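1. Fold the following.
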Amino acid sequence: MREMTRTSAPRRSARERLLTAANELFYREGVHTVGIDRIIEHAGVAKASLYNTFGSKDELVRAYLEFRHDRVRRRVERHLAGSATPRDRLLAVFDAQAEGFAHPDYNGCPFISACAESPEGSSAERAARHYRTWLRDLFTGFAAEAGVADPSALARQLHLLYDGASVAAGLDGDPTAAAAARTAAVTFIDTAPRAGD
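-> Numbering: from 1, shown residues only. Down below sits the predicted model:
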């Protein structure tokens, strides 16, 4: 009788395990509260794996924030896929934010938290700046497509609403903050002067 062979899922790389551990621990407890030894233990890798893969804890923090940025980007893209007009696309960003707030482990904006703990010029600050520029450019581009006279001004207003909702959802535990921000966004979008007015 032929022996049955078991198939198992391929073992994740040290990089994947370290990023998963960093995402769980940094997001829940803070990038500076959690030490390297906790990350290594949680990931089940040797200390050398962390330094060979990322070089330093600062670079692991940067990779963690890039991972969070990618998650937000993919969530926004899913919501944008169903948006027919530039106005819909502007509001879809808030719909994506609401989805994030509804997640049971939502613990505030990881970029705000990491920057609050990190010194000026850190990898965390650079990663947060990159994320914020991406978000502002997204709003600006959709505002321009909508024919707004001053797309950058509307983008700034919408970005402030988005930030405020993040803070309210994190500090107040209010998952409805994105819906409130979206309602305010409708007013800003619909009353913004159009090019040629």
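2. Which parts of the chain belong to which domain?
-> What the record gives for the chain is the domain set 12-55, 58-191, from the TED database.
3. Between the two ends of the last one, what distance do you get?
-> Think domain 58-191. With C-alpha to C-alpha, to the nearest Å as the measure, the ends of domain 58-191 fall 44 Å from one another.
4. so how far is it from its chain's centroid?
-> With C-alpha atoms, centre = their mean, to the nearest Å as the basis, the distance from the averaged C-alpha position of domain 58-191 to the chain average is 7 Å.
5. just the first one next, same as before
-> Its chain's C-alpha centre lies 19 Å from the corresponding centre of domain 12-55 when counted by C-alpha atoms, centre = their mean.
6. can you list the weak-confidence ranges in this protein?
-> When the per-residue scores of the chain are filtered using pLDDT under 70, the ranges that remain are 1-10.
7. Phi and psi next, for the nearest residue to Glu117 once chain neighbours are set aside.
-> Distances taken as C-beta to C-beta, 6 or more residues apart in numbering place His32 nearest to Glu117, at 4.6 Å, with adjacent residues excluded. For the C-beta atoms, the positions are set from N, CA and C on the backbone; glycine is no exception. As for His32, its main-chain torsions (degrees, to the nearest 10) stand at phi -100, psi -20.
8. Could you report the neighbour count for His32?
-> The burial count assigned to His32 is 15, neighbours taken as other C-beta atoms under 10 Å.
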